[in-house]
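J.: need a structure here:
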Amino acid sequence: MAQGAGDGSGRVDATTADAALADLTEELAACLASLESALARAEELRKARGDGRTWRDAVSAEERPLIVERISEALERLGGAGSRWRREEARALRAEGLSISAVAALFGVTRQRASVLVRDL
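T.: Modelled structure (predicted):
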């Protein structure tokens, strides 16, 4: 059986889901730090604009990564970690005996979407 598919005991799925949750937790912490930095820079940009600086001058002074780059990177990283977590969580729940319909109800998705989440890749 493929990893994540489960053997009826839930062990493989639980371990994989635990790893995905650990990855998600780490990613959330890293993204929060990056977004806090972006927030501080956005506040600096607002102050510069309030002081009468042109957009060109204010944005040209911005250090890389730019605010928009930080946001885009955070969304991309969270999207990947979140997707993996959702799949592994659904598989772990299924391995513990929840029906596809119950997983769908917990996740607020259709039964068809839940079925896709628990399917082996």
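J.: which SS state does residue 42 fall under?
T.: Three-state call for residue 42 (DSSP: H, G, I helix; E, B strand; the rest coil): helix.
J.: Can you give me the neighbour number for it?
T.: 15 (other C-beta atoms under 10 Å). Bear in mind the C-beta positions are built from the backbone N, C-alpha and C, glycine included.
J.: cool, residue 92 as well?
T.: By other C-beta under 10 Å, neighbour count at residue 92 equals 25.
J.: Same question for the one 4 residues further on.
T.: When neighbours are defined as other C-beta under 10 Å, residue 96 has 12 of them.
J.: Need the phi and psi values for it.
T.: phi -80, psi 0 (degrees, to the nearest 10).
J.: separation between it and residue 14?
T.: 8 Å (C-beta to C-beta, to the nearest Å).
J.: And the closest residue to residue 113 other than its chain neighbours, how far from residue 86?
T.: Among residues not flanking residue 113 along the chain, residue 104 sits closest, at 6.8 Å (C-beta to C-beta, 6 or more residues apart in numbering). The gap separating residue 104 from residue 86 is 12 Å, by C-beta to C-beta.
J.: Now do the same contact list for the residue sitting nearest the centre point of the chain.
T.: What sits nearest the mean C-alpha location of the chain, by C-alpha atoms, centre = their mean, is residue 78, with 2.7 Å. Residues in contact with residue 78 (C-beta atoms under 8 Å, 6 or more residues apart in numbering) are 27, 28, 31.
J.: Now the buried members of these.
T.: Among the contacts of residue 78, those buried by neighbour count (16 or more other C-beta atoms under 10 Å) are 27, 28, 31.
J.: residues touching the second one, list them.
T.: By that I understand residue 28. With C-beta under 8 Å, 6+ apart, residue 28 has these contacts: 78, 81.
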